[in-house]
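Chemist: only geometry, no sequence info:
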């Protein structure tokens, strides 16, 4: 990765020798590529600049914080260069999106994304290089950093859900070779399809990785099997270890902090298995997380392009969009779709949104249904007087749509 000034000359970022900066840049790129891989350990000099001691498992926390420090101020236009570079880092590394997925999210080509990604990494490198190396953070400091990072992660992906089974399979692929080198076989067991949890993907991966790696430290041989199922509104991810390594996991601040952020619990129990392949004592570690059933959102708008944008906005969330362009069919569709919420435009042909809102509130299925009026007309007070649960001003952005839906459906 070449580093040059605007006039094309090689940049001397150290003031004496540019080779030190080049080495730092390579270490930064490697760390970004492994940002969601807790088994990765950056170079000691790189850790020192991040302000943590070498070998710390939470090395990614300050690096994520550095990415968030590049976030432009709220008054910066969304089309600004600084905003674009921040979004590239956010999608590619924080959200762990592929280049294709990130390019689609940003509305650019994959080739353009690669150029922007190079510039974004350079901007992050300049930020970190310009700051003096920090002293190693104390445990209470990195705990606070972790809380801040988790909060930012959840805020950056409102209403995010994760396919638990897909995440488990990816974690097994990641850790199985590492576990095998220590004589421990890691494998996936029975995984119920369609298990969604109300946790951002990166957060769930870190919980799984941390629990497995901490547990495996107490196994010199044997196996760990991961299964997942659902009971009521709770998804249970079970890790079964044989032979039974420990009666309980020792206190782990990082794991406890992760779980507390996601309203999850972790329980450990021992049992005697009679099956021939698992004869003897085994340990069951059960992670319980809130299930995230899909929520149907009926969008009533005559602009078909907006329906496409709304579907993109709710990708990887609990919301599913059903489109309706003809307002006269609203009550009929209400009975067949049975949506959990309605997003209603005002400027509709034949019958406007105000009339439809009145009809909804008089219909048995629509009396208590959350209805969000969405329009360019600045009439929020009227909308609420007619019974609207919320108001979204056009043009609609992803965050404004998700925040309105979250507020309208808090019990879910």
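Modeler: The structure has been received and is ready for your questions. Just so you know, these numbers come straight off a predicted model, no measurement behind them. Residues are numbered from 1 along each chain as shown.
Chemist: mind listing the helices for the stretch 251-400 of the chain?
Modeler: Along the stretch 251-400 of the chain, the stretches classed as helices by DSSP state H, counting those that start in this stretch are 253-261, 304-313, 330-337, 353-362, 380-385, 398-408.
Chemist: backbone dihedrals for residue 27, please?
Modeler: Main-chain dihedrals, residue 27, degrees, to the nearest 10: phi -60, psi -40.
Chemist: dump the residue contacts of the closest residue to it other than its chain neighbours.
Modeler: Setting aside the residues directly before and after it, residue 27 is nearest to residue 46 in space (CB to CB, 6 or more residues apart in numbering), at 4.1 Å. No exception for glycine: its C-beta is placed from N, CA and C like everyone else's. By CB atoms under 8 Å, 6 or more residues apart in numbering, the contact set of residue 46 is 24, 27-28, 31.
Chemist: which of the helices of the stretch 251-400 of the chain has the lowest mean pLDDT?
Modeler: Of all the helices of the stretch 251-400 of the chain, the minimum mean pLDDT falls on helix 253-261 (a mean of 71).
Chemist: and that helix, what's buried?
Modeler: When burial is assessed from 16 or more other CB atoms under 10 Å, helix 253-261 yields the following buried residues: 254-255, 257-259, 261.
Chemist: same question for stretch 291-302.
Modeler: Residues 291-292, 295, 297-301 are the ones in stretch 291-302 that count as buried (16+ other CB under 10 Å).
Chemist: what of stretch 192-203?
Modeler: 195-203.
Chemist: which two in these are spaced the farthest apart?
Modeler: Largest separation among the buried residues of stretch 192-203 by CB to CB: 195 and 202, giving 17.6 Å.
Chemist: host element of the residue nearest to residue 27?
Modeler: Following DSSP states H and E, one finds residue 46 within helix 44-50.
Chemist: next secondary structure after that helix?
Modeler: helix 60-69.
Chemist: next, residue 124: secondary structure please.
Modeler: helix (DSSP: H, G, I helix; E, B strand; the rest coil).
Chemist: how far away is it from residue 36?
Modeler: When CB to CB, to the nearest Å is applied, the distance between residue 124 and residue 36 equals 16 Å.
Chemist: ditto for residue 128
Modeler: From residue 128 across to residue 36, the span is 19 Å (CB to CB).
Chemist: got it, and residue 302?
Modeler: Distance of residue 302 to residue 36, computed by CB to CB: 42 Å.
Chemist: same deal with residue 228?
Modeler: Counting by CB to CB - residue 228 and residue 36 are separated by 20 Å.
Chemist: neighbour-wise, which of those two wins?
Modeler: residue 228 (22 against 19; other CB atoms under 10 Å).
Chemist: could you list the low-confidence segments of the chain?
Modeler: Scanning the chain for pLDDT under 70 picks out 1-19, 38, 54-58, 131-159, 218-220, 244-254, 270-281, 411-412.
Chemist: domain boundaries for it, per the record?
Modeler: For the chain, automatic domain parsing gives the domain ranges 18-156, 162-290, 295-408.
Chemist: quick check: nearest residue in space to residue 82, chain neighbours excluded?
Modeler: Residue nearest to residue 82 in three dimensions, not counting chain neighbours: residue 72, with 4.5 Å by CB to CB, 6+ apart.
Chemist: could you measure from the nearest residue to residue 109 once chain neighbours are set aside over to residue 392?
Modeler: Leaving aside its sequence neighbours, residue 109 sits nearest to residue 103 (CB to CB, 6+ apart; 6.0 Å). Distance of residue 103 to residue 392, computed by CB to CB: 27 Å.
Chemist: what do you get for residue 102?
Modeler: 26 Å.
Chemist: ok, now residue 66?
Modeler: 33 Å.
Chemist: likewise for residue 25?
Modeler: From residue 25 to residue 392 the distance is 43 Å (CB to CB).
Chemist: same thing with residue 49?
Modeler: For residue 49, the distance to residue 392 - CB to CB - is 43 Å.
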